[in-house]
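A.B. asks: sequence unknown, structure follows:
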């Protein structure tokens, strides 16, 4: 008869099915083996024709109809996709777009004759808020006939709304600009020693922009754009390019003045021609679209239409303190050279002193010529500085430095966690101490360390500028994860029998409950005959003698009774409860395998959460942080369940609490973090307060007892090592051995009377010898008939904390017996088994 697969086999099968489903459901938009080359050649032919139009046109050849324009005005269009009149793009607001671009430039750098110096290399990362405004005309997806615009393309989703359409009133914008030193320039740069930076008129530049709509549906999308940078003016113009919009080939006609047109036309004529020549030679091998706006995606032969964009960015001037040059006292060439020196120092540090970290500030205007709306960065003069300062960020070199510094700090934090973990492993090296530690507290730490290891390893595969810090984090997190696995394995070996015993008890309880539910209730007995009252017999029994404690290895009667009561296990039948409790033990490898699957799911779910709405995304990460920082809660429950006052050293608890909070605090309280996360002091205060609340509960359990203030019925009975001792409880076996003696015995002669105060008159202080340290032990004993004056209070807890009484009625110093029980759970005198702390 075939056996059912084990639990780990089921997990592997489930993961394999999930992987196959994900691969089968992934969209395959790549070209086929036969149809692909023809479609690539058709696209290359369209690009070559568009390049010819770019090469043969001049300034003023593209004059579309503008809004509020007299009817007799002449218009001119280009023979480019999206620039033709019959394509019906919303070019009526092109004039408004150019006007806004010039206004942003004047507000940032002033008039062209007296403009302030700006960065010459725009490579950097900036982020800011935007607001939306409608164009003078309205366009929807039904306003266009895509089959007429480009009949060579098999369009997908023609009857649905286009993607990248912004409908909200405001949101955020993240712009990553890439302008490498080897980028094409106008005039062409053959040798950097011959062509000075001040002679460069235009340079090719690209950007990756992420737009998030925080007001409406919470949409978020990324797109790539290519364009031209004019370094002297600090202006940049980007555009998207697709099968319905030849943006990069018509970009010079979208500039604001003839000077920008001439330089950009010369630059694009040369660079686009070189790219087309290379692609024509490798048409079959390279089927990608170099100007596609979809990031990290292959060429799409059945594209879905989306909104197209024009992006104008104006760089703001540098701070005078960083530049250390007065523009009014030097010529423009010297100012540009000073800026170039600052950029060289950022790329190749030589130790030049600068007063502060340079800041990168830009203003942006986005215009969609087909979806007909504008997005403008929020800032002066339209908005107060408190509402926004346009786009703020740092240069690319500073950004990489911040990322590397944080990763090195994270590696140092993980190394500190590793040292604390090794310290704790030395402190909890015996079965008695390992049984106190919560397995789930260590599991939560291990799970987070594993996620950090997996994330840093994935980052290392694609990181070039931050490869060394990411490798350090990967190595340190791997060591910490392995040590945690070793520690949890030791805890598992000690606590696994306890878990199996609990499973058997639950199985027996479930079986008894099922049996009682199935058995019919017995019939009610008949009315009993009347009972004739008799005289109560006289109690002639003698008083009970004090119990005699016999060690477990000498109690023969108990062993015989245990053998007589033992029964053979019943045969296992199908569907019986015994089948459910059989083989309940789970191997430690299976548990760690589950941790791996859970960690991978959390990692990819967190990546997916980056695209959610801001409120939902913030709630998700706050929830994950709260669950992660609840790591001491299982240990608190473990202390209560086992009646254990302290299981972990305070160095480990406090150190781990601080180190686990440090990496998270960077994103919650530092406004200039590299992730551009909004500071949230309230959430961080809640998280930090929750961590320290757990720490104080652990302190309270250590001082007042793990079950102080809790109802007795909430947890199973546990031996109380610090009981209240009373003289009138001698016959019940309540007083420890050594405190029970005859009236004239030598022991009672060593009893000291209490002070004359009212509370201390109710107790006597007995002095006996501790069998471990051989020192005197003062034990407060409540007099017969009196009440404990400190019962139920904190003072009574501290008074009883000095001694410990075992179930075999031996008494010791608390510190002595706790030190003994770290190594052996047996009474030092009679070798009776002791319940764990």
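C.D. replies: Yep, that arrived. In this text, all values refer to a predicted model and were calculated from it rather than measured experimentally.
A.B. asks: how much space between residue 101 and residue 608?
C.D. replies: In this structure, residue 101 and residue 608 are 36 Å apart, going by Cβ to Cβ, to the nearest Å. Every residue, glycine included, has its C-beta placed from N, CA and C.
A.B. asks: Between these two, point out the one with more neighbours.
C.D. replies: Higher neighbour count among residue 101 and residue 608: residue 101, with 23 against 11, using other Cβ atoms under 10 Å.
A.B. asks: pretty sure the more buried one contacts residue 364?
C.D. replies: No: the pair residue 101 / residue 364 is not scored as a contact, 9.8 Å apart, by Cβ atoms under 8 Å.
A.B. asks: Give me the common contacts of the two.
C.D. replies: In the contact map built from Cβ atoms under 8 Å, 6 or more residues apart in numbering, the residues linked to both residue 101 and residue 364 are 312, 314.
A.B. asks: what's around the nearest residue to residue 141 once chain neighbours are set aside, how many residues?
C.D. replies: Once flanking residues are discounted, residue 141 sits nearest to residue 162: 5.1 Å by Cβ to Cβ, 6 or more residues apart in numbering. Using other Cβ under 10 Å, the number of residues around residue 162 comes to 18.
A.B. asks: Wait, residue 162 touches residue 245, no?
C.D. replies: No: Residue 162 is beyond contact range of residue 245, at 11.9 Å (criterion: Cβ under 8 Å).
A.B. asks: Residue 222 should be in a strand, yeah?
C.D. replies: Yes: going by DSSP: H, G, I helix; E, B strand; the rest coil, the assignment for residue 222 places it inside a strand.
A.B. asks: For it, which residues are in contact?
C.D. replies: The contact partners of residue 222, by Cβ under 8 Å, 6+ apart, come to 208, 209, 210, 295.
A.B. asks: Give me the pLDDT value at it.
C.D. replies: Listed pLDDT for residue 222 reads 90.
A.B. asks: so it bridges to which residues?
C.D. replies: The bridge-partner assignment for residue 222, based on DSSP bridges, gives residue 210.
A.B. asks: Give the residue spans of the stretch 201-350 of the chain that score low on pLDDT.
C.D. replies: When residues are selected by pLDDT under 70, those of the stretch 201-350 of the chain lie in 216-218, 283-287, 296-301, 320-334.
A.B. asks: Could I get the full set of helices for it?
C.D. replies: Taking DSSP state H, counting those that start in this stretch as the criterion, the stretch 201-350 of the chain contains helices spanning 247-250, 258-281, 320-323, 332-347.
A.B. asks: Deepest in the core, which of those helices is it.
C.D. replies: Between the helices of the stretch 201-350 of the chain, the one whose residues have the most neighbours on average, counting mean count of other Cβ atoms under 10 Å, is helix 247-250 (a mean of 26).
A.B. asks: Could you give the separation of that helix from the chain centroid?
C.D. replies: Averaged C-alpha coordinates place helix 247-250 at 41 Å from its chain's average position (Cα atoms, centre = their mean, to the nearest Å).
A.B. asks: name the helices or strands packed onto that helix?
C.D. replies: Other elements packing on helix 247-250 under the criterion 3 or more Cβ pairs under 8 Å, 6 or more residues apart in numbering; DSSP states H and E are helix 35-56, strand 235-239, helix 258-281.
A.B. asks: what sits up against that helix?
C.D. replies: Applying Cβ under 8 Å, 6+ apart, the contact partners of helix 247-250 are 47, 50-51, 53-54, 62, 78, 80, 82-83, 226-227, 239-241, 268, 272, 291, 308, 310.
A.B. asks: make it 6 Å
C.D. replies: By Cβ atoms under 6 Å, 6 or more residues apart in numbering, the residues outside helix 247-250 that reach it are 50, 54, 78, 80, 83, 226, 239, 240, 241, 291.
A.B. asks: got it, and stretch 711-728?
C.D. replies: Stretch 711-728 has contacts (Cβ under 6 Å, 6+ apart) with 640, 643, 735, 781-784, 788, 800, 804-805, 807, 835.
A.B. asks: Could you dump these into TSV with secondary structure and distance to residue 142 added?
C.D. replies: Supplementary listing: the contacts of stretch 711-728 in TSV, determined by DSSP: H, G, I helix; E, B strand; the rest coil; distance: Cβ to Cβ, whole Å:
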residue	secondary structure	distance to residue 142
640	helix	66
643	coil	73
735	coil	94
781	strand	94
782	strand	91
783	coil	96
784	coil	97
788	coil	86
800	helix	83
804	strand	83
805	strand	86
807	coil	84
835	coil	78
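A.B. asks: Show me just the buried residues among those.
C.D. replies: Burial of the contacts of stretch 711-728 was assessed by neighbour count (16 or more other Cβ atoms under 10 Å); the buried members are 640, 643, 735, 781, 782, 788, 800, 804, 805.
A.B. asks: which of those lies closest to residue 415?
C.D. replies: Ranking the buried ones among the contacts of stretch 711-728 by separation from residue 415, with Cβ to Cβ as the measure, puts residue 640 on top at 33.0 Å.
A.B. asks: so what's residue 93 up against?
C.D. replies: Each residue near residue 93 by Cβ under 6 Å, 6+ apart is listed here: 135, 136.
A.B. asks: rerun that using 7 Å as the cut-off
C.D. replies: Residue 93 sits next to 67, 135, 136, 367 when contact means Cβ atoms under 7 Å, 6 or more residues apart in numbering.
A.B. asks: repeat for residue 397
C.D. replies: Counting by Cβ under 7 Å, 6+ apart, residue 397 touches 346, 347.
A.B. asks: Let's see which of the contacts of residue 93 end up in helices.
C.D. replies: Assigned to helices by DSSP state H, none of the contacts of residue 93 qualify.
A.B. asks: Correct me if wrong: residue 212 contacts residue 172.
C.D. replies: Yes: shown here, residue 212 and residue 172 form a contact pair, counting by Cβ atoms under 7 Å, at 4.8 Å.
A.B. asks: Which one's more surrounded, those two?
C.D. replies: Under the criterion of other Cβ under 10 Å, the comparison of residue 212 against residue 172 puts residue 212 first, with 22 against 18.
A.B. asks: Please list all residues in contact with that one.
C.D. replies: Contacts of residue 212 were listed using Cβ under 7 Å, 6+ apart, and they are 171, 172, 220.
A.B. asks: Quick one: residues contacting the second one.
C.D. replies: With contacts taken as Cβ under 7 Å, 6+ apart, residue 172 has the following neighbours: 127, 129, 212, 214.
A.B. asks: Not counting its neighbours along the chain, what's nearest the third one?
C.D. replies: I take that to be residue 212. If you skip the residues right next to it in sequence, residue 212 has residue 220 as its closest partner in space, 4.3 Å away by Cβ to Cβ, 6+ apart.
A.B. asks: That neighbour and residue 129, how far apart?
C.D. replies: The gap separating residue 220 from residue 129 is 14 Å, by Cβ to Cβ.
A.B. asks: What of residue 704?
C.D. replies: Plainly put, residue 704 is 51 Å away from residue 129 if you go by Cβ to Cβ.
A.B. asks: Which one's more surrounded, those two?
C.D. replies: Neighbours of residue 704 and residue 129, each counted by other Cβ under 10 Å, are more numerous for residue 129; the result is 19 against 15.
A.B. asks: what secondary structure does that one sit in?
C.D. replies: What three-state DSSP gives for residue 129 is strand.
A.B. asks: Could you check how many residues crowd around residue 314?
C.D. replies: Going by other Cβ under 10 Å, the residues that sit close to residue 314 add up to 26.
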